[in-house]
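Q: Generate coordinates for the sequence data below:
(one chain, ligands or ions: 1)
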Amino acid sequence: MHFTATEGIEVVGRLTAESRYQGGPGVIHGGILTTAFDETQGMACMLLGTAVVTGHLQIDFARPIPLGSVLEFRARIDGMIRRKVYTSSEVRIVEGAAASDEIVATSRGLFLKIKPEHFTPMQEFVDGQPTGLPTFGDSTL
Ligand SMILES: CCCCCCCC(=O)SCCNC(=O)CCNC(=O)[C@H](O)C(C)(C)COP(=O)(O)OP(=O)(O)OC[C@H]1O[C@@H](n2cnc3c(N)ncnc32)[C@H](O)[C@@H]1OP(=O)(O)O
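A: Numbering: from 1, shown residues only. Predicted coordinates for the structure are as follows:
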């Protein structure tokens with residue numbers, strides 16, 4: 001996805017519903033849409049200048065989204081309480097046969113501000129390649 005920061009704490013991201021994203025016949029998979037919402041709201045949080053992780057994410061799938069559609073996501077920060085960052089986002093089809101001003105799905109998120117040490121225990125698993133462990137093809141196995 002590509003993102004643009006707009007006025008205030010809001011970001012806009014675009015995603016093309018490619019055929020490899022198919023869920024039901026001819027439509028985008030809900031998990032792909034969920035991931036895009038997560039990314040878009042996470043990107044809005046990055047404008048705060050602090051690292052966050054997703055704590056809670058809810059999605060309302062309002063309309064089926066045909067493959068080939070170009071989707072435009074908009075996300076913003078709605079509020080903050082202590083480490084909690086509340087976000088919302090919606091998506092429209094902006095190019096393709098089903099393009100219109102209608103909102104086809106919405107999302108609300110809760111992101112938690114974290115310290116860099118949050119990821120320290122997972123360093124060994126970065127990129128899915130645990131270090132310090134024997135790997136397949138290792139002649140010492
Ligand atoms: C470009 C960047 C895009 C990034 C987008 C993608 C981001 C991701 O996908 S991150 C991956 C998915 N998420 C994760 O792996 C997170 C896994 N969960 C965790 O690590 C922890 O549960 C974490 C950090 C979210 C919260 O744990 P912790 O830091 O101990 O917070 P904790 O003290 O329990 O709670 C803090 C506050 O948040 C609230 N809270 C925590 N989790 C939740 C939740 N799931 N729902 C509601 N409230 C919650 C607590 O009630 C508490 O509220 P209050 O301040 O009012 O008392």
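Q: pull the helix or strand with minimum mean pLDDT from the protein.
A: Of all the helices and strands that make up the chain, strand 2-5 has the lowest average by mean pLDDT, DSSP states H and E, namely a mean of 78.
Q: That strand and the ligand, are they touching?
A: No: applying Cβ under 6 Å from any ligand atom, one finds strand 2-5 separated from the ligand by no less than 8.2 Å. Where C-beta positions appear, they are placed from N, C-alpha and C, glycine not excepted.
Q: Helix or strand next in line after that strand, which one?
A: Downstream of strand 2-5, the next assigned helix or strand under DSSP states H and E is strand 10-16.
Q: Just the buried residues of that next one, please?
A: By neighbour count with 16 or more other Cβ atoms under 10 Å, strand 10-16 contains the buried residues 11-15.
Q: hang on, the earlier thing: note down every partner strand of the least confident helix or strand of the chain and its orientation.
A: If you go by DSSP bridges, strand 2-5 pairs up with strand 10-16 (antiparallel).
Q: hmm, back to that, can you pull the buried residues of the least confident helix or strand of the chain?
A: Going by neighbour count (16+ other Cβ under 10 Å), the buried part of strand 2-5 is Phe3.
Q: Pull the residues that contact it.
A: Here strand 2-5 makes contact (Cβ atoms under 8 Å, 6 or more residues apart in numbering) with 11-14, 40, 43, 47.
Q: Mind doing that once more with 7 Å?
A: Residues from elsewhere that reach strand 2-5, judged by Cβ atoms under 7 Å, 6 or more residues apart in numbering: 11-14, 43, 47.
Q: next one: stretch 94-111
A: Contacting residues not belonging to stretch 94-111 are listed as 33, 37, 41-42, 45, 52-63, 65-66, 68-70, 72, 84-93 [Cβ under 7 Å, 6+ apart].
Q: Kindly report the same for stretch 6-19.
A: By Cβ under 7 Å, 6+ apart, the residues outside stretch 6-19 that reach it are 1-5, 28, 36, 39-40, 43-44, 47, 65, 67-77.
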